[in-house]
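Enquirer: Generate coordinates for the sequence data below:
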Amino acid sequence: MRTGFIDSAILLKNSCLKMEEDILNRFNISPSEYKGLLVIDEGEILSGKVYSARMDLSISRGSRIIEHLVKNGYLKHEDCSDDRRCNKVSLTAKGIKLRKEIYKLLDECEEELLSVIPENELVSLKSIINKFTNILNSK
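Expert: Numbers count the residues shown, from 1 in each chain. Sure thing, here's the model as predicted:
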């Protein structure tokens, strides 16, 4: 088995994907619903266009996710008063609760990972990860 940096990054990614899969199963939500709950903050009101852009989706695909989250009670949907084609979405109390539960699990995982790294090494680690990310995103 190879032991290069990319191999370690792939192992970390796979572990994170497993954790996300566990979250999806625990709350019985799809990957799109998961992402959709994390792109909007509590108290924030977004247009469907902005919401879709945050998810990096077309407006039509974003609309389908919005419909599903509304149907399940996680988002509320309102039409804009001046333009029927425009709609605004925000988290419901149920959506806020689920979002908080998801972030609690993510925070616990991060805390567990970072607990083995001395405080003075965290800044360097974040800097190195950012450099790698920038290199990969520039291609």
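Enquirer: Tell me where this protein has strands.
Expert: With DSSP state E, the ranges of strands along the chain come out as 46-47, 75-79, 87-91.
Enquirer: what's the offset of the shortest one from the middle of its chain?
Expert: Relative to its chain's centre, strand 46-47 lies at 17 Å (CA atoms, centre = their mean, to the nearest Å).
Enquirer: quick one on the thing from earlier: looking at the strands of the chain, which one is packed in the most?
Expert: Ranked by mean neighbour count, these are led by strand 87-91 with a mean of 20 (mean count of other CB atoms under 10 Å). Heads up, the C-betas are built off the backbone N, CA and C, glycines and all.
Enquirer: avg pLDDT for that strand?
Expert: Across strand 87-91, pLDDT averages out at 93.
Enquirer: I'd like the strands of the chain as JSON lines, with distance to residue 133 appended.
Expert: What follows is the strands of the chain, written out as JSON lines (distance: least, CB to CB, whole Å):
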{"stretch": "strand 46-47", "distance to residue 133": "25"}
{"stretch": "strand 75-79", "distance to residue 133": "30"}
{"stretch": "strand 87-91", "distance to residue 133": "28"}
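Enquirer: Give me the distance between residue 78 and residue 62.
Expert: Separation of residue 78 from residue 62 (CB to CB, to the nearest Å) stands at 16 Å.
Enquirer: Point out where this protein drops to low pLDDT.
Expert: Low-confidence segments of the chain (pLDDT under 70): 1, 82-85.
Enquirer: One more pass at 80, please.
Expert: Where the chain drops to pLDDT under 80, the residues are 1-2, 79-86, 139.
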